[in-house]
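Student: quick one: sequence and predicted model below, then my questions.
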Amino acid sequence: MMLEVKDVSKIYDLGNNQVIPLDNVTVTVKKGDLVSVIGPSGSGKSTLLYTIGGLLTPSRGDVVIGGTKIYELNSKSRAQFRRENLGFIFQTFELLPYLTAKENVMIPLHLAGVSSGEQEASAIDALEKVGLSKRANHKPTELSGGEQQRVAVARGIVNNPRILLADEPTGNLDQKTGTEIMKLLCDLHEEEGLTLIFVTHDPAKARLAGYVVEMLDGHIVTNSLSKC
């Protein structure tokens, strides 16, 4: 499934001033690509990720995923498209504290109307892929930061997404744990054939990708680099 970001801008009007986190951005990601997005704070990298994910409507331009212009869909259809095609991993994990690891992973499938039996089986399978099936019945407060992020990764892949989007997936982790999470993501990319796009502030992690989108003041420069 090819992703095309075509001449996308995001403009915020703040009184008499404009803030432009994305300024006429164009980038193409092919099926199976591993892409990192790097840049200083405020460069627009997270804005780009959320725009790709159908969560932040651009002021102009198109985001086309598998031939579908996602911002021409109404909000209900776009939400369904996200559930069927995209997975998300957030820096702050975004786990519900009153649910177990398994129940947190089941959330996307519950929203998609999948049967309870299939939800549970798929959640256990996803937790197995991230090496955490033995912690399935533990709540987030009973898990380490690295384990919580593994649960978040499992939740991101449980619907077998065509594109996985990760916003600073190691930002709240120590260096050792962050390296382990990046290895996990790289392994999933290779083994599952995932198209993976991740935001990072770390040049060493960015170089794990096949392509780097380097951002500055809402603009991008793409370079080819070695794959992980």
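Tutor: Good, I have the coordinates.
Student: show me the contacts for the residue nearest to residue 219 when sequence neighbours are not counted.
Tutor: Spatial nearest neighbour of residue 219, chain neighbours left out: residue 23 (5.7 Å); criterion: C-beta to C-beta, 6 or more residues apart in numbering. Just so you know, the C-beta spots here come from the backbone N, C-alpha and C atoms, and that holds for glycine as well. Residues in contact with residue 23 (C-beta atoms under 8 Å, 6 or more residues apart in numbering) are 9, 44, 217-219.
Student: the longest helix belonging to the chain - what's its average pLDDT?
Tutor: If you go by DSSP state H, the chain has its longest helix at helix 175-192. Confidence over helix 175-192 (mean pLDDT, whole number) is 89.
Student: the very next helix or strand once past that helix to helix 175-192, inter-axis angle?
Tutor: Downstream of helix 175-192, the first helix or strand assigned by DSSP states H and E is strand 195-200. Calculated by axes from the mean of the first three to the mean of the last three C-alpha atoms, to 10 degrees, strand 195-200 forms an angle of 160 degrees with helix 175-192.
Student: what helix or strand is residue 37 on?
Tutor: Remark: residue 37 resides in strand 34-38, with elements defined by DSSP H and E.
Student: which elements pack onto that strand?
Tutor: Where contact means 3 or more C-beta pairs under 8 Å, 6 or more residues apart in numbering; DSSP states H and E, strand 34-38 is packed against helix 45-52, strand 195-200, helix 203-206, strand 211-216.
Student: can we see that at 10 Å?
Tutor: Using 3 or more C-beta pairs under 10 Å, 6 or more residues apart in numbering; DSSP states H and E, the elements in contact with strand 34-38 are strand 17-29, helix 45-52, strand 163-167, helix 175-192, strand 195-200, helix 203-206, strand 211-216, strand 219-224.
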